[in-house]
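Trainee: Sequence first, predicted coordinates after that:
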Amino acid sequence: MGAGSVFLNTDFSRYILADINNDLISLYNIVKLRTEEYVAEARKLFTPENNHPDVYYQFRTEFNQSQDPFRRALLFLYLNRHGYNGLCRYNLRGEFNVPFWSL
């Protein structure tokens, strides 16, 4: 889905989407199937209080320990938007390890 913007701006009757990042694919599938619930829950994460390094690292730890696909999808979006330059990176243990970044 590295070219997801292309997919979003086309009008075909059928799409085949793939990415090596399971968290990205899971996020896409959850948003596709549970849009309203996902948006409502995601809004709760995007508050001024949560735009803080301590909260970011708490959520990052939770993400790395979570086995719940819905919660991981929520945290994945939060981490992507609050992490350094929107980077997505994992260490050799498979843990998300992007540092917090703020303007």
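Mentor: Good, I have the coordinates.
Trainee: what residue of the protein is the furthest out?
Mentor: Residue farthest from the centre of the chain, counting by C-alpha atoms, centre = their mean, is Ser13 at 26.4 Å.
Trainee: what's near enough to touch it?
Mentor: Taking C-beta atoms under 8 Å, 6 or more residues apart in numbering as the criterion, Ser13 is in contact with no other residue. Quick note: C-beta positions are derived from backbone N, CA and C, even for glycine.
Trainee: how about it, secondary structure?
Mentor: Using DSSP: H, G, I helix; E, B strand; the rest coil as the criterion, the local structure at Ser13 reads coil.
Trainee: do you know how far it is from Arg89?
Mentor: In this structure, Ser13 and Arg89 are 36 Å apart, going by C-beta to C-beta, to the nearest Å.
Trainee: Look at Val31 and give its secondary structure.
Mentor: Secondary structure assignment for Val31 (three-state DSSP): helix.
Trainee: so what's it closest to, chain neighbours aside?
Mentor: Tyr38 (5.3 Å; C-beta to C-beta, 6 or more residues apart in numbering).
Trainee: Arg89 contacts Glu95, correct?
Mentor: No: the pair Arg89 and Glu95 fails to qualify as a contact (C-beta atoms under 8 Å) at a distance of 9.8 Å.
Trainee: And stretch 51-61, what's buried?
Mentor: For stretch 51-61, a neighbour-count test (16 or more other C-beta atoms under 10 Å) marks Val55, Tyr56, Phe59, Arg60 as buried.
Trainee: With just CA atoms, put that stretch into CSV.
Mentor: Included here for stretch 51-61 are C-alpha records, laid out as CSV according to Å, rounded to 0.1, in the frame of the first residue of the first chain:
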residue,chain,number,x,y,z
ASN,A,51,0.5,15.1,22.2
HIS,A,52,3.2,14.5,24.8
PRO,A,53,6.3,12.3,24.9
ASP,A,54,5.2,10.5,28.1
VAL,A,55,1.9,9.5,26.6
TYR,A,56,3.5,8.6,23.2
TYR,A,57,6.0,6.2,24.9
GLN,A,58,3.2,4.7,27.0
PHE,A,59,1.1,4.0,23.9
ARG,A,60,4.1,2.7,22.1
THR,A,61,4.8,0.2,24.8
